[in-house]
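A.B. asks: here's my sequence, what's the structure:
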Amino acid sequence: MSGATIYIKDELKISDVQIEILVGTISIYSLIGSVVAGRTSDWIGQRYTITIASAFFFLGALLMAFATNYAFLMVGRFVTGIGMGYALVISPVYAAEVAPPSSRGFLTSFPEVFANVGM
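C.D. replies: Below is the predicted model of the structure:
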């Protein structure tokens, strides 16, 4: 996102404060997805919950790609944030269940490590 902010600012004619809000709020939005992910996983299972997270990511990316104004872009970030919350909760649990005991800790740490590297 940081590389795109220059182009977003020029294209949508938004201020620095709006850019900061745009970039920073995804972590807040992910709280919603992370709270709901556990219940969803209990209800339909982890594999389908990961599919839902992927759908949120895809829909959020489409919304952001076709955003014509700041509000539309924020809706895309909101949807992507929900998907991020889902994925950060469910993927380590799913990896722990399917991984062999010898590599379980190593594999379950990947989502957290890559989320921090990506941010």
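A.B. asks: longest helix anywhere in this protein?
C.D. replies: helix 70-98 (DSSP state H).
A.B. asks: show me which positions of that one end up buried.
C.D. replies: Buried positions in helix 70-98, judged by neighbour count with 16 or more other Cβ atoms under 10 Å: 70, 73-74, 76-95. Glycine gets a C-beta too; all of them are placed from N, C-alpha and C.
A.B. asks: may I see the buried residues of the lowest-mean-pLDDT helix or strand in the chain?
C.D. replies: Across the helices and strands of the chain, mean pLDDT, DSSP states H and E gives its lowest value to helix 110-118, namely a mean of 78. Using 16+ other Cβ under 10 Å as the test for burial, helix 110-118 gives residue 111.
A.B. asks: between that helix and helix 70-98, how many degrees?
C.D. replies: 150 degrees (axes from the mean of the first three to the mean of the last three Cα atoms, to 10 degrees).
A.B. asks: which SS class is the residue of the chain most remote from its centre?
C.D. replies: Taking Cα atoms, centre = their mean, the residue of the chain most remote from its mean C-alpha position is residue 102, at 28.9 Å. With DSSP: H, G, I helix; E, B strand; the rest coil as the basis, residue 102 sits in helix.
A.B. asks: pick out the residue closest to the middle of this structure.
C.D. replies: Note on the chain: the residue nearest the mean C-alpha position is residue 84, at 2.1 Å, using Cα atoms, centre = their mean.
A.B. asks: what residues are up against the residue nearest to it when sequence neighbours are not counted?
C.D. replies: When the adjacent residues along the chain are set aside, residue 84 lies closest to residue 30, with 4.4 Å between them (Cβ to Cβ, 6 or more residues apart in numbering). Contacts for residue 30 (Cβ atoms under 8 Å, 6 or more residues apart in numbering) come out as 81, 82, 84, 85, 88.
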